[in-house]
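**Student:** dropping a prediction and its sequence here:
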Amino acid sequence: MVKNEKMSMEEFLEIREEVLLQWPTGNHPALNLEESIKRLKSVPPHKNFAMKLRKAKKEGVTLIQPRAGVARLNEHIELLQYLEKYGQADFLPSTIDSYTRHNRYENAEDGIKESEKQGRSLLNGFPAVNHGVDGCSKVYEAVNVPLQARHGTPDARLLSEIINASMWTSNEGGGISYNIPYSKTISLEDTIKYWQYVDRLVGYYYENGIELNREPYGPLTGTLVPPSISNTVAIIESILAAEQGVKNISVGYGQGGNIVQDVAALRALEEQTNYYLKLFGYEDVFITTVFHQWMGGFPSNEADAMGLISYASTVAGLGNATKMITKTTHESEGIPTKEANVQGLRASKMVVNLLKGQRMPDSKELQEEINQIKKEVDSLIRAIVKVGKGDIAQGVVNAFKEGLIDIPFAPSELNNGKILPARDIDGKIRILALGNIAFTDEIKEFHRAKLEERARIQKRELSIQMTIDDIYAISEGVLVGTTKD
Amino acid sequence: MVKNEKMSMEEFLEIREEVLLQWPTGNHPALNLEESIKRLKSVPPHKNFAMKLRKAKKEGVTLIQPRAGVARLNEHIELLQYLEKYGQADFLPSTIDSYTRHNRYENAEDGIKESEKQGRSLLNGFPAVNHGVDGCSKVYEAVNVPLQARHGTPDARLLSEIINASMWTSNEGGGISYNIPYSKTISLEDTIKYWQYVDRLVGYYYENGIELNREPYGPLTGTLVPPSISNTVAIIESILAAEQGVKNISVGYGQGGNIVQDVAALRALEEQTNYYLKLFGYEDVFITTVFHQWMGGFPSNEADAMGLISYASTVAGLGNATKMITKTTHESEGIPTKEANVQGLRASKMVVNLLKGQRMPDSKELQEEINQIKKEVDSLIRAIVKVGKGDIAQGVVNAFKEGLIDIPFAPSELNNGKILPARDIDGKIRILALGNIAFTDEIKEFHRAKLEERARIQKRELSIQMTIDDIYAISEGVLVGTTKD
Amino acid sequence: MKTVVIGVIGADVHAVGNKIIDYVLSENGYNVVNIGVLSSQEDFINAAIETNAKAILISSLYGHGEMDCRFMREQCEEAGLEKIKLYVGGNIVVGKQNFKDVEKRFKKMGFDRIYPPGVKIEEALENLKEDIGI
Amino acid sequence: MKTVVIGVIGADVHAVGNKIIDYVLSENGYNVVNIGVLSSQEDFINAAIETNAKAILISSLYGHGEMDCRFMREQCEEAGLEKIKLYVGGNIVVGKQNFKDVEKRFKKMGFDRIYPPGVKIEEALENLKEDIGI
Ligand code: B12
Ligand code: B12
């Protein structure tokens, strides 16, 4: 039974032995912990994710990071160098391909070979495990900014071992956020355990004088996720990570579309993550926020996409996110070219630069939305603690089982899948069908009232068609969907 | 001596005779007033600028309009059709070339011929006077949205006659805003008179049942203009227009860069225009606001430009401007291609659509900035009225003479040219060298304090170098310039 | 009522479109058998055999579609599904590619209808009616 | 101290760059004669003759530069300014054009140095020192 308890070193090392056997690249001298500590200690501050985030937070700036990953090593390196040089990326990613995410390293190997043969990437990301420590270290050497693995991998233990030993100083993911939106049948017990391992590794490095960053994956399914739901997951994963000794955490949030709700969500996220970490007894964890540019379906027109990307950047700036993940003009079509990626980066950078020091001023509307989100998060976390009988890991497992927490449009069968989000008339994301979500009656009433107001104004019925219209809406250039019939 | 008094019909008709003789195209049957009234009455509401603005204001939406104009008639028509179809332009312009702006119709004629010969436009706009009522009416027939002449013409009397008779239902400009930033030596007495004529024409049409829109040109030199200065000019020109019988006025403002100051400026502009019109006895004038995307030097990188364009659109949306004038990715280089123009339009449209119904919530910071702008405007208008001995037209002439009102970087020799603007540490535009501007001591102290704060934080001196750095800043991707040495 | 099998092939977890396709086809009178995300070629084929489906609508969003769909037609034939219609849609290749080329490659692989990114299921309904009726 | 004439040619009123050029060149040790905006070829030439200037720096921003600058070299020669350096900068043609072509056209017209959009006066200082000293 999974529990929110620090993994003992013995257990960790025992599992470790198995993990390193999962693929031949697990057998590498740099994966000796003493060796990897030495390597990580050689990372200068400007290439350390955790340090660069601390600096940015202090200066109050918003730094930017693209998504990027291709099958072949050299091509991947060229891509990252290009994004650093021409895109002014402050952080670089390596987005991992989907076979690796599902631990299908043979498929990934085929993908690399086929890509070599055809001279173009047939994988949707960088197969880091197959390239191993040697390949990943070459990537590290080739760039001048911190590196992070970005993926969606339920069991990322071997991947994490390899990238950390390769001096990549941040890793995205978590036992919930890289399960429910990214898998169908893998149990939460398993994925929480897997991610406790990943966090324990980071904690171990910290005990040995190395601060690495970890980033629970905020946007979940990226599709009309109500802020309180994604914030709750981020807070829980932060607690789980902190228990394993992680000290530098970035909590993420994906743009919803209404600027006040988005700024409120960012502020509530930071405040409540700090609050709950302290409440649960984790004192010295350094928290930053990450804002994801619109994660749902994108408009196909490239100028429209630029508008959306830049609008998102305005929100990140006004909401004082420390990092922003950028999108590109190719989003609706496919993996972007490096040129398209740079366009998205530059437009984003321009906006956050102009907004340096500018914040959305405090106001009644903003404060009300912050309070609303906080109330909902409190309600959800209370329920989770309750069904976990005090243990938050156990609580999450049970809460999903009972649908007390429920993520819209998630592919996982562990997810209740009964809630339907929709926008209110201002474009704020609310919940139309509440399923069994652990909201107080007052909160439920609030959501109903907000959506009834929209139905009244738009002269339409409360139905799933509202949700569908809203899913299509932004890609069609409006925020609040209007009825098709 | 120019006075803010309604021009008598006799005087108007007397001047008119001369005006129509300024160029052969002034001799056209449609320029018979009875005929032009008939023509204008045939304009359907969706092609009438004034009506479409009333509708937009009611719906609370922000509509968009590009700048566009080329030498040859057919090419100009194709251009506008393209912008309407692919750029979703809600309003269309015809930007007039610079020779026409200076009444150099012979030069314009050469320009047309040379453009025909070379098969590309050698003029920087559409020479409407040379194309005459026949050409301009063809433009009107070719599009499905309202048309406006946008120029910068000190003496636009013949131009205005021609475009109104051609069923263009709006005209930009004013006796101050199309003089000081657009001319060197022409007197304000003259240009105010010229524009009283233009307004009287619109007033005459109104008396005959036709509502046309007029738009004082807001951004002036487009370069670090403090909001209170441009707002004052817009208010004065509205009063001058209202006296001549204009009933539908759009007051403009060019993006400054700080989002709170910009939203404050838009709100103050609308509120004070309405306030002063009533105060001066003009009761039933319908006011809307126009937001100009950044009017100063643009970044040369096209993605940077897209970021800036979209950021501006966010401000227009949150500030609830009824119309926005868009820029393009070619701004820093030259007159844009139609494709570049469409990109700017689409990105802008995307953003204002997403912001439909969204406003910047009221807050202390916003309210303070609104109050500050209003206080400054009050101070300036009080001074103008005083030196005009109660007559606002006379007041303007004298106020410019004494430098009580002063427009930064203006080419006109009538302008005192003694004030130097610079940004405070938040990027709000303040005034570094105050010249003789008619601010109260309290206001002067406020500006000094704000700029001293910046100097302290940036560890630099208060000097003209600050202004120069700020002029270059946005094109280099920052808002507040930093010292070069 | 005609039966169609829908699902998302390979290691692909994009679930949003799949849920909408399910809803829209059901609303429009089809018996929809939805095998969901992370489905293999066998999953599609077995479901089609079991339910006597007239068409298989494969979604692939994540870019590996070209690899995941190889030999799908041959597998169908081997399983005795000779006349079944094969549709594929979503973002079926890696990157922004010329769609004419992509279509050709998938036609060659035996697919009957191939949809570019951004074609909503609502827009494909007509084709489905044409090909298999309602 | 060397004298240079600066100004904005034709019906052009863009004053901001002109004011900065005035300030920067003065700061850097030149005697700047600024004839301002809306200046004709004669205005430039007369000012240069009167002040014994070593260079004329023409700004053209508004797009008609190509027309406004025609025969400027010839006019200078006619007025006896044989050795004067002619510079032009700003946005000297209509639209975003290939700069190599633009440069060629202006070279042919007798200009010594031609600057593309975005070249700040600070960046041209070196050329000026080279050509006429300080
Ligand atoms: C939301 C989203 C996600 C969510 C998915 C959540 C979930 N579990 O569902 C998350 C964030 C988890 C995610 C993850 C990833 N994603 Co993703 N994602 C998207 C995004 C933004 C929107 C997809 C969506 O929901 N659209 C809305 C629905 C309604 O539309 P739809 O899916 O296109 O389906 C409609 C039509 O296509 C059509 N249709 C679909 N299938 C079929 C089939 C037939 C026969 C017919 C007729 C019609 C049809 O009908 C549907 C309904 O109208 C798209 C880009 C985009 N479109 O803007 C990228 C995108 C699909 N993702 C992509 C990638 C690469 C990934 C990741 C590998 C990496 C990453 N970026 O993190 C992982 C992959 C995980 C995995 N193993 O599959 C790429 C694919 C690239 C390519 N093909 O070249 C895209 C295109 C983004 C990009 N440009 O890079 N993603
Ligand atoms: C501000 C501005 C205006 C203001 C000018 C206010 C004023 N009176 O000064 C207003 C709004 C009034 C205006 C009006 C017009 N403008 Co205007 N304007 C601009 C803008 C946005 C910035 C210019 C500026 O001040 N830049 C900042 C200064 C510091 O830089 P600068 O002027 O480029 O000068 C520097 C360098 O170029 C260089 N330099 C300049 N000259 C020289 C000469 C030499 C020898 C050297 C070495 C260097 C050098 O050094 C200077 C200092 O570092 C530019 C586009 C841009 N650059 O982003 C358009 C732009 C110049 N305008 C343009 C046009 C067409 C017009 C109008 C015709 C129409 C309109 N759009 O309304 C009218 C023309 C009026 C007229 N008769 O001249 C076009 C010109 C198009 C072309 N060449 O193809 C531009 C490029 C915009 C565009 N892309 O369409 N404009």
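**Tutor:** Great, that's in hand. Ligands and ions are numbered 1, 2, ... in the order given.

**Student:** what mean pLDDT would you report for stretch C:105-119?
**Tutor:** Average pLDDT, stretch C:105-119: 97.

**Student:** and that stretch with chain B, contact?
**Tutor:** No. On the criterion C-beta under 8 Å from any C-beta of the partner chain, stretch C:105-119 is out of touch with chain B, staying 15.7 Å away. For the C-beta atoms, the positions are set from N, CA and C on the backbone; glycine is no exception.

**Student:** contacts for that stretch, please.
**Tutor:** A:300, A:332-334, A:475, C:66, C:69-74, C:76, C:85-92, C:99, C:102-103, C:124, C:127, C:131 (C-beta atoms under 8 Å, 6 or more residues apart in numbering or on different chains).

**Student:** from the chain's centroid, how far away is that stretch?
**Tutor:** Centre-to-centre, stretch C:105-119 and its host chain are 9 Å apart (C-alpha atoms, centre = their mean, to the nearest Å).

**Student:** what does stretch C:38-57 give?
**Tutor:** 10 Å.

**Student:** return the set of buried residues in it.
**Tutor:** Neighbour counts over stretch C:38-57 (16 or more other C-beta atoms under 10 Å in any protein chain shown) mark C:38, C:39, C:41, C:44, C:45, C:47, C:48, C:53, C:54, C:55, C:56, C:57 as buried.

**Student:** that stretch and chain A, are they touching?
**Tutor:** Yes. With C-beta under 8 Å from any C-beta as the criterion, chain A is reached by stretch C:38-57 at residue C:38.

**Student:** mean confidence score for that stretch?
**Tutor:** For stretch C:38-57, mean pLDDT is 97.

**Student:** and for the residue in chain C positioned nearest to chain D, the neighbour number?
**Tutor:** Nearest residue of chain C to chain D: residue C:96, at 24.7 Å (C-beta to the nearest C-beta). Close neighbours of residue C:96, defined as other C-beta atoms under 10 Å in any protein chain shown, add up to 21.

**Student:** and the closest residue in space to it that isn't next to it in sequence, what does it touch?
**Tutor:** Leaving aside its sequence neighbours, residue C:96 sits nearest to residue A:333 (C-beta to C-beta, 6 or more residues apart in numbering or on different chains; 4.1 Å). Residue A:333 makes contact with A:300, C:91, C:95, C:96, C:117, C:118, according to C-beta under 8 Å, 6+ apart.

**Student:** near ligand 1 at all, stretch A:144-157?
**Tutor:** Yes. Counting by C-beta under 6 Å from any ligand atom, ligand 1 has neighbours in stretch A:144-157: residue A:152.

**Student:** just the buried positions in that stretch, please.
**Tutor:** By 16+ other C-beta under 10 Å, the buried positions in stretch A:144-157 come out as A:145-157.

**Student:** out of those, which sit inside helices?
**Tutor:** residue A:157 (DSSP state H).

**Student:** what segments of the chain are strands?
**Tutor:** No chain was given, so I picked chain A. Along chain A, counting by DSSP state E, strands occupy A:63-65, A:92-95, A:147-150, A:170-172, A:213-215, A:248-254, A:286-292, A:323-325, A:420-423, A:429-433.

**Student:** the intended chain is chain C.
**Tutor:** According to DSSP E, the strands that chain C contains are C:3-8, C:31-34, C:55-60, C:85-90, C:113-114.

**Student:** narrow the contacts of stretch C:105-119 to those in helices?
**Tutor:** C:66, C:72, C:73, C:74, C:76, C:99, C:102, C:103, C:124, C:127, C:131.

**Student:** residues near the third one, how many?
**Tutor:** Other residues near residue C:73 number 17, with proximity taken as other C-beta under 10 Å.

**Student:** in PyMOL, select just the buried ones from the ones in helices among the contacts of stretch C:105-119.
**Tutor:** Here is the PyMOL command that selects the buried residues among the ones in helices among the contacts of stretch C:105-119 (16+ other C-beta under 10 Å):
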select buried, chain C and resi 66+72+73+76+102+103+124
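
**Student:** and ligand 1, which of the ones in helices among the contacts of stretch C:105-119 reach it?
**Tutor:** Restricting the ones in helices among the contacts of stretch C:105-119 to those near ligand 1 by C-beta under 6 Å from any ligand atom leaves residue C:124.

**Student:** which one of the ones in helices among the contacts of stretch C:105-119 is nearest residue A:382?
**Tutor:** In terms of C-beta to C-beta, no member of those lies closer to residue A:382 than residue C:124, at 45.3 Å.

**Student:** what sits closest to the closest one if chain neighbours are left out?
**Tutor:** That would be residue C:115: by C-beta to C-beta, 6+ apart, it lies 6.2 Å from residue C:124.

**Student:** do the same with residue A:54
**Tutor:** Nearest to residue A:54 is residue A:286, by C-beta to C-beta, 6+ apart, at 6.4 Å.

**Student:** next up, the contacts around that neighbour.
**Tutor:** Applying C-beta under 8 Å, 6+ apart, the residues near residue A:286 are A:50, A:53, A:54, A:57, A:247, A:248, A:249.

**Student:** try residue A:354
**Tutor:** Neighbour list for residue A:354: A:317, B:257, B:307, B:308, B:311, B:427, B:474, B:477, B:478, B:479 [criterion: C-beta under 8 Å, 6+ apart].

**Student:** now rank these by neighbours and give me the top one.
**Tutor:** The residue in the contacts of residue A:354 with the most neighbours, by other C-beta under 10 Å, is residue B:307 (32 neighbours).

**Student:** distance check, that residue against chain C.
**Tutor:** Residue B:307 sits 21 Å away from chain C, going by C-beta to the nearest C-beta, to the nearest Å.

**Student:** reformat the strands of chain A as a markdown table; add mean pLDDT.
**Tutor:** Listed next are the strands of chain A as a markdown table, based on pLDDT from 0 to 100:
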| stretch | mean pLDDT |
| --- | --- |
| strand A:63-65 | 98 |
| strand A:92-95 | 98 |
| strand A:147-150 | 98 |
| strand A:170-172 | 98 |
| strand A:213-215 | 98 |
| strand A:248-254 | 98 |
| strand A:286-292 | 98 |
| strand A:323-325 | 98 |
| strand A:420-423 | 98 |
| strand A:429-433 | 98 |
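
**Student:** can you list those in a markdown table and add distance to residue B:195?
**Tutor:** Putting the strands of chain A into a markdown table (distance: least, C-beta to C-beta, whole Å) gives the following:
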| stretch | distance to residue B:195 |
| --- | --- |
| strand A:63-65 | 47 |
| strand A:92-95 | 57 |
| strand A:147-150 | 59 |
| strand A:170-172 | 61 |
| strand A:213-215 | 59 |
| strand A:248-254 | 51 |
| strand A:286-292 | 48 |
| strand A:323-325 | 47 |
| strand A:420-423 | 46 |
| strand A:429-433 | 50 |
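
**Student:** could you export those as TSV, including distance to ligand 2?
**Tutor:** Shown next, in TSV, are the strands of chain A (distance: least, C-beta to the nearest ligand atom, whole Å):
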stretch	distance to ligand 2
strand A:63-65	24
strand A:92-95	32
strand A:147-150	37
strand A:170-172	39
strand A:213-215	39
strand A:248-254	34
strand A:286-292	30
strand A:323-325	26
strand A:420-423	38
strand A:429-433	38
